[in-house]
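> Below: sequence and its predicted model.
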Amino acid sequence: MPSLKMNDILLADALETTRALPDMSIDLIICDGPYNATPHEWDRVSNIQAFNFELIKAFSRILKPGGVLYLFGKPTCVDFIDYRPYLTLNSKIVWYQPSRLGQGRKSYTNNYDLICYFSKGKPGQFNLDEIRVPQLVELEHRRRCENVPSVKNGTYAKTKFNEDGKNPGDVWGDIKQLTYKSKELVSREMLNTVQKPEKLMERLVLASSQREAVVFDPFCGSGTVPVVCKRLGRNFIACDTNPTFVELASLRLAGKLLKVKVMEDKEMEDAQMEVQVQLGFW
């Protein structure tokens, strides 16, 4: 594999890159890898739980004490595995997408992805003030609730209404998936399966790292995490095995991917979409 380079996107395998990293060298890992839920070649693994278990074991070595791993997946992504000897699962964040098509005929349609929030021991930091979201409760109503005796004298009596916003909680419905009209979309091929919104990655990076921290993205895809890290003053190490993704992500990171245009060729019998990528340079 290529030699590791800070703040660059490598054409390399996730596990090989992880093994090449020094012990306790990473502050934050954002792992949006295979889900084993689509027909794409990159998404095919024989057993998603076993696959994620190997990742968790490998990541535990390179994370600093208190370091954090955000592992993306479907509801079954960490079922039936004992990750406790390696990392602590603090919570499972539900990234809720009510706009998904309700395609289920014999069961309920899956309308969310999971983001498993792991840490190496106790999380070293949680920067709540960086990720507050608007309060949905009127101030006067909240103050009346705070004065109810069972609340005032209870465990959370010191929790007060904050006019700067509240904790986003573990169900996120305020960040929507990208659409064909999203300005940040790199290509149609990456829509919903590969490319996540910058706002989503921003929340994770801001919550669990400081400026100059080292963030590892083992499945960088369209390069959203590197772009966010660059903007927020974090260092990163990123890799992917898809040469096209690496090229596009590198151009995006350098600010050279100016325009992506998706055009439909109506004469094609299979009604497929032709993606035309227009590259420009400063």
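Structure received.
> Report the separation between Ser119 and Gly104.
34 Å (CB to CB, to the nearest Å). Quick note: C-beta positions are derived from backbone N, CA and C, even for glycine.
> In contact with the closest residue in space to Asn127 that isn't next to it in sequence, which residues are there?
Nearest residue to Asn127, sequence neighbours excluded (CB to CB, 6 or more residues apart in numbering): Ala207, at 5.6 Å. Shown in contact with Ala207 (CB atoms under 8 Å, 6 or more residues apart in numbering): Phe126, Asn127, Leu128, Glu130, Ile131.
> For the residue nearest to His40 when sequence neighbours are not counted, give its distance to Val186.
Sequence neighbours aside, Thr193 is the residue nearest to His40 in space, at 6.4 Å (criterion: CB to CB, 6+ apart). To Val186, Thr193 is 12 Å away according to CB to CB.
> got it, and Gln195?
6 Å.
> pretty sure Cys145 belongs to a helix, no?
Yes. The assignment for Cys145, made by DSSP: H, G, I helix; E, B strand; the rest coil, places it in a helix.
> ok so, going back, more neighbours: which of Thr193 and Val186?
Val186 (24 against 14; other CB atoms under 10 Å).
> dump the residue contacts of the more buried one.
Gln195, Ser222, Gly223, Leu248, Ala249, Arg252, Leu257, Val260.
> picking up where we left off before, just the contacts of Ala207 now: which is nearest Asp43?
Ile131 (28.9 Å; CB to CB).
> Near that closest one, how many other residues are there?
17.
> ok, now which ones touch it?
Pro168, Arg203, Leu206, Ala207.
> and the residues you listed as JSON lines, adding secondary structure, pLDDT and distance to Arg19?
As requested, the contacts of Ile131 are exported to JSON lines (DSSP: H, G, I helix; E, B strand; the rest coil; pLDDT from 0 to 100; distance: CB to CB, whole Å):
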{"residue": "Pro168", "secondary structure": "coil", "pLDDT": "96", "distance to Arg19": "34"}
{"residue": "Arg203", "secondary structure": "helix", "pLDDT": "98", "distance to Arg19": "29"}
{"residue": "Leu206", "secondary structure": "helix", "pLDDT": "98", "distance to Arg19": "29"}
{"residue": "Ala207", "secondary structure": "helix", "pLDDT": "98", "distance to Arg19": "27"}
